[in-house]
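Asker: I'll drop the sequence and a predicted model, then ask my questions.
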Amino acid sequence: MESAPAPPARSLLGVLLALVLAAGLIACVAAAGLYLWARQDGLNPIRAIQLRITLSQREDELNTPAGTSDEYRRFVVNRGDSAYTIANNLLAQRLITDADLFVDYVQYHRLDGQLEAGTFYLRDRQTIPEIARALTDASTATVPFRTLPGWRIEEIAAVIDTNPLLDFSGADFLAVVGRGAEIPPEFKSRNAIPDVMSNGQPPSLEGFLYPDTYQLRPGLSAQELRDEMLSAFSSAVTDDFYLKAAQQDLTMYEVVTLASIVQREAVAPDEAPRIAAVYLNRLRLPMRLDADPTVQYAIGNTRDPATWWPPLTQADYYATSGLPNQSYSTYLNQGLPPGPINSPSLASIRAVLEAPDTDEYYFRLGCDDRYHVFFGLDQRDEHAAFTCP
């Protein structure tokens, strides 16, 4: 009786070989997929895979900022600084929480060779990707600077002193915009700024430093900030404004002076044209403007160093002592003050140029402390006796 033949060794070997080939194929496909998932041009494939895995595992950390502050911090990248140096400097300023993660990110995304030397302004609420991208373009780094309508030049100077990103002081700024400072001739001529004001003093750029939010280049000077603000005024106040001023027989200097008073008087912006109309009516009569903000400007911060716009007492209106700028008080002097008392908004300038035709000559703040009550010449007694219930 013949015994059953044993399986040929070649058949078993073939099965094993097929399994090995299949496993190898799967491994190759997996490796190829991993490579395609992680590849970055110019980066070693193994290093690319390592970095991609690390970044994937730490994605939450990548997108979690070091802080929550809106405050800008000056950050300098010196020529020749490596990604490691930059990362450690960012960590030292608490702009990031992990220097190695920053380096991994810029290496994987091939940003390490694009980091530029320069001065940047960063916030700790920016994520690592946001900071890394910001550091690739020094030309976009700016210094944020904001001024508000109704500020006088001293208030602008005070804000400069609180901004650590600027390379000059408020005193430096006042030196190029205050009384007696040189005014660019073309700007001076276009806006009819006098050589000498009606009080015999040289003019300043009060009123013409356009209130806005500026993005300034790092390292600019006080004079360059002045020029930025004058340029913003010239861009906003177009030829149409000058045409309307001429139609009212007003210079732009007079318009801005009156607009600066309206700026401080109008609590509700939509009331500004009506308030402007009252003052224009008074100018044309003529009668004194009796504008409270001009008295505040005359007093300034002599009473309280913390404010340039002090509350007034009844005695202040006709006081002749203790007023550094007495000539600005329109309770003591006829007509417009010698010059603007603050930087008015474009809306306040427009309010003067587009004031309605009214027969109103008086106004008082109403009982809601927002809107005013207006009176004609024949209602003077009612105006004087007005009280809230």
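Answerer: Structure received.
Asker: for the helix or strand in which F75 is found, packing partners?
Answerer: Under the criterion DSSP states H and E, the helix or strand holding F75 is strand 73-77. Under the contact criterion of 3 or more Cβ pairs under 8 Å, 6 or more residues apart in numbering; DSSP states H and E, strand 73-77 touches helix 83-92, strand 118-122. From N, CA and C alone the C-beta is placed, and that goes for glycine too.
Asker: Determine the angle, from 0 to 180 degrees, between the shortest one and helix 83-92.
Answerer: Between the axes of strand 118-122 and helix 83-92, defined by axes from the mean of the first three to the mean of the last three Cα atoms, to 10 degrees, the angle is 40 degrees.
Asker: List the buried residues for strand 118-122?
Answerer: G118, T119, F120, Y121, L122 (16 or more other Cβ atoms under 10 Å).
Asker: Among these, which pair sits farthest apart?
Answerer: Using Cβ to Cβ, the two most remote members of those are G118 and L122, lying 11.9 Å apart.
Asker: and which of the buried residues of strand 118-122 is nearest to L230?
Answerer: Relative to L230, and with distances defined as Cβ to Cβ, the nearest of the buried residues of strand 118-122 is Y121, at 23.8 Å.
Asker: hang on, that closest one packs against R73?
Answerer: Yes. Contact criterion Cβ atoms under 8 Å: Y121 and R73 qualify, at 7.0 Å.
Asker: if you skip the residues just before and after it, what's nearest to G80?
Answerer: Counting by Cβ to Cβ, 6 or more residues apart in numbering, G80 lies nearest to A117, which is 7.7 Å off, once chain neighbours are set aside.
Asker: low-scoring stretches of this structure, by residue?
Answerer: Residues of the chain meeting the criterion pLDDT under 70: 1-42.
Asker: domains in it, as residue ranges please.
Answerer: 59-141, 144-236, 239-385 (automatic domain parsing).
Asker: can you list the ones you listed in JSON lines and add distance to L51?
Answerer: Output for the domains of the chain, formatted as JSON lines (distance: least, Cβ to Cβ, whole Å):
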{"stretch": "domain 59-141", "distance to L51": "4"}
{"stretch": "domain 144-236", "distance to L51": "32"}
{"stretch": "domain 239-385", "distance to L51": "52"}
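Asker: Quick one: closest of the ones you listed to Q50.
Answerer: Using Cβ to Cβ, the domains of the chain put domain 59-141 closest to Q50, at 8.8 Å.
Asker: Okay, helices next: where are they in the stretch 51-200 of the chain?
Answerer: Using DSSP state H, counting those that start in this stretch, the helices of the stretch 51-200 of the chain run over 59-62, 83-92, 99-108, 128-134, 153-161, 170-177, 185-190.
Asker: What is the end-to-end distance of stretch 140-157?
Answerer: 25 Å (Cα to Cα, to the nearest Å).
Asker: and it, how far out from the chain's middle?
Answerer: 7 Å (Cα atoms, centre = their mean, to the nearest Å).
Asker: Including mean neighbour count and distance to P293, could the helices of the stretch 51-200 of the chain go into JSON lines?
Answerer: Listed next are these as JSON lines, based on neighbours: other Cβ atoms under 10 Å; distance: least, Cβ to Cβ, whole Å:
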{"stretch": "helix 59-62", "mean neighbour count": "12", "distance to P293": "52"}
{"stretch": "helix 83-92", "mean neighbour count": "18", "distance to P293": "47"}
{"stretch": "helix 99-108", "mean neighbour count": "20", "distance to P293": "52"}
{"stretch": "helix 128-134", "mean neighbour count": "20", "distance to P293": "42"}
{"stretch": "helix 153-161", "mean neighbour count": "18", "distance to P293": "14"}
{"stretch": "helix 170-177", "mean neighbour count": "19", "distance to P293": "20"}
{"stretch": "helix 185-190", "mean neighbour count": "12", "distance to P293": "25"}
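Asker: Quick check: which of those is nearest to Y214?
Answerer: helix 153-161 (11.3 Å).
Asker: for the closest one, packing partners?
Answerer: Counting by 3+ Cβ pairs under 8 Å, 6+ apart, helix 153-161 packs on helix 170-177.
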